[in-house]
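Colleague: Build me a model:
(one chain, ligands or ions: 1)
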Amino acid sequence: MLEASCHCGAVKFQVPGPPAFLVACNCSLCRRLGQLAASYPPSEVRFIAGQGITVPYIQGDGTLAMHHCPVCGCSTHAEGLGDYAADWMKVNARLFDPAVIENWRVRRFDGADSWTFLD
Ligand SMILES: [Zn+2]
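Modeller: The predicted model follows:
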């Protein structure tokens with residue numbers, strides 16, 4: 001079990017282990033947030049603090065909500081909405097200790113244009 005926390009500690013979650021890879025997306029939102037996304041089935045992400053206090057940001061076609069901590073502002077996770085709610089959850093891997101993620105594979109995703117991986 002791996003645990004991550006926002007800067008202030010108001011939001012903490014656990015995941016069972018490393019994802020297949022991390023995603024660095026260059027879309028208009030992800031590039032501004034500077035996050036690294038780690039995908040899990042929603043049932044595998046366990047909030048141990050702060051569930052329900054995070055602030056959602058919903059834009060574009062409204063298929064996902066990007067959440068941040070209301071206290072320290074860290075981007076914490078993104079959840080799918082509507083048809084995507086059951087199988088779509090991404091956590092911000094930058095909330096893990098850097099030593100935990102240092103050897104995880106990072107794939108660059110061209111969310112800004114071609115909607116494909118660049119590797
Ligand atoms: Zn916080």
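
Colleague: Look at Phe115 and report its pLDDT.
Modeller: That one is not Phe; residue 115 is Trp. With respect to pLDDT, Trp115 scores 93.

Colleague: go on, the one 3 residues further on?
Modeller: For Leu118, the model assigns a pLDDT of 95.

Colleague: what's the distance between it and the ion?
Modeller: Distance of Leu118 to the ion, given as CB to the ion, to the nearest Å: 31 Å. All C-beta spots, glycine's among them, are computed from the backbone N, C-alpha and C.

Colleague: Touching, that residue and Phe109? I think so.
Modeller: Yes: shown here, Leu118 and Phe109 form a contact pair, counting by CB atoms under 8 Å, at 7.1 Å.

Colleague: So the two - more neighbours on which side?
Modeller: Phe109 (20 against 10; other CB atoms under 10 Å).

Colleague: Next up, the contacts around that one.
Modeller: Val23, Ala24, Cys25, Asn26, Thr116, Phe117, Leu118 (CB atoms under 8 Å, 6 or more residues apart in numbering).

Colleague: If you tally nearby residues, what's the number for the fourth one?
Modeller: Burial measure for Asn26: 13 neighbouring residues, criterion other CB under 10 Å.
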